[in-house]
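Participant: Quick one: sequence and predicted model below, then my questions.
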Amino acid sequence: MHEVEIGGLRIAFERMGDGVPIILLHGALSDSRTWRRQLEELSDEFTVVAWDAPGCGRSADPPETFRLPDFADCLAALIEKIGIVKPSILGLSFGSGLALELYRRHPGIPRSLILASAYAGWKGSLPPDVVEERLLQGLQQSELSPGQVVEIWMPTLFTRSVPSEVVSESAAIISEFHPAGMRSMLFAFAEADLRDVLPTIEVPTLLLYGEADQRSPLEIARNMHAMIPRSRLVIIPGVGHESNLEAPEIFNTEVRSFLREISNKP
């Protein structure tokens, strides 16, 4: 695990491999460990970097006022500080919104976007009552014990057919969530409406969704696909929100194929 200081915050990240760079952005209640299979399997061909966002994993908690633009600026500074040039940006769930905000604020950074289980922010993809409900429930959950949070969240992330070892691995990550970081991400995503960014995207964009995703259902996938010019939508059969964990072989194959394709273009 590597660490750097960005804007007074300690930011931790994993880096593996050598080749065309790809940055991995995890979702809420998570950290870089959720990308273990991607770090291990894609680093044979690519430089793979997975950060712990502020308020997650080994990174420091951000101020309470930290919102999506702050996350994006922190990420941009990290990419510059560690010498990564024109990476592809792969974000899952909250990480997908962060990827879009990065593109809004720093459009020269991404070579491509890979948006998994993506939203245009909660405000941009969900009805107002659902956004309010998710925010209030999340804030209440941030005060619960780790075991209680795991029990609430796990059924929403996977299908019932997910291997038990995947459940155990994910539960261990969620159980170490930062309450302050969780609250910052909740407010950031509840306030985020990124719909205006979608039609402006000029880089190659891959959308990856699980067919049985409860949190970001296929209606959102189709709307995102319709609004992002020349985007490609791939639906992974029979898996849920955390498709990178539930179906890593398919997920990695789609990512690898996409990255190879864009690497061969000028």
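Facilitator: Arrived safely.
Participant: Please name the spatially closest residue to residue 130 (chain neighbours excluded).
Facilitator: In space, and not counting its chain neighbours, residue 130 is closest to residue 122: 7.8 Å by C-beta to C-beta, 6 or more residues apart in numbering. For the C-beta atoms, the positions are set from N, CA and C on the backbone; glycine is no exception.
Participant: ok, that neighbour to residue 25 distance?
Facilitator: 16 Å (C-beta to C-beta, to the nearest Å).
Participant: Looking at these two, which has the bigger crowd around it?
Facilitator: The neighbour comparison of residue 122 against residue 25 (other C-beta atoms under 10 Å) goes to residue 25, with 28 against 24.
Participant: in which helix or strand would I find the closest residue to the more buried one other than its chain neighbours?
Facilitator: Spatial nearest neighbour of residue 25, excluding adjacent residues (C-beta to C-beta, 6+ apart): residue 95 at 3.1 Å. Assigned by DSSP states H and E, residue 95 belongs to helix 94-105.
Participant: quick one: buried residues of that helix?
Facilitator: Across helix 94-105, burial judged by 16 or more other C-beta atoms under 10 Å covers 94-104.
Participant: Among the residues you listed, which one lies nearest to residue 198?
Facilitator: Closest to residue 198 out of these is residue 100 (7.5 Å), distances taken as C-beta to C-beta.
Participant: Might one say that the closest one is in contact with residue 114?
Facilitator: No: checked against C-beta atoms under 8 Å, the pair residue 100 and residue 114 is beyond contact range at 11.7 Å.
Participant: Can you list the strands that the longest strand seen in the chain pairs with?
Facilitator: Ordering each strand of the chain by length in residues (DSSP state E) puts strand 9-16 first. Pairing partners of strand 9-16, with direction, according to DSSP bridges: strand 2-6 (antiparallel), strand 46-51 (antiparallel).
Participant: Please state the offset of it from the chain centre?
Facilitator: 15 Å (C-alpha atoms, centre = their mean, to the nearest Å).
Participant: Can you tell me what sits against it?
Facilitator: 1-5, 32, 35, 39-40, 43, 47-52, 54, 57-60, 62, 74, 78, 82 (C-beta atoms under 8 Å, 6 or more residues apart in numbering).
Participant: pLDDT averaged over that strand, what's the number?
Facilitator: Averaged across strand 9-16, pLDDT comes to 97.
Participant: Name the SS class of residue 91, please.
Facilitator: strand (DSSP: H, G, I helix; E, B strand; the rest coil).
Participant: Going by neighbour count, list what's buried in the longest helix along the chain.
Facilitator: Longest helix in the chain, counting residues (DSSP state H): helix 248-263. Neighbour-count burial for helix 248-263 flags 248, 250-252, 254-256, 258-259 (criterion: 16+ other C-beta under 10 Å).
Participant: got the angle for that helix vs strand 46-51?
Facilitator: Compare the direction of helix 248-263 with that of strand 46-51 by axes from the mean of the first three to the mean of the last three C-alpha atoms, to 10 degrees and you get 120 degrees.
Participant: follow-up on the earlier one: for the contacts of strand 9-16, which PyMOL command selects only the ones that are buried?
Facilitator: In PyMOL syntax, the buried subset of the contacts of strand 9-16 is picked out as below (16+ other C-beta under 10 Å):
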select buried, resi 32+35+39+43+47+48+49+50+51+52+54+57+58+59+60+62+74+78+82
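Participant: The residue nearest to residue 198 when sequence neighbours are not counted: what's it in contact with?
Facilitator: Spatial nearest neighbour of residue 198, chain neighbours left out: residue 227 (3.9 Å); criterion: C-beta to C-beta, 6+ apart. Listed by C-beta under 8 Å, 6+ apart, the contact set of residue 227 reads 120, 195, 198-199.
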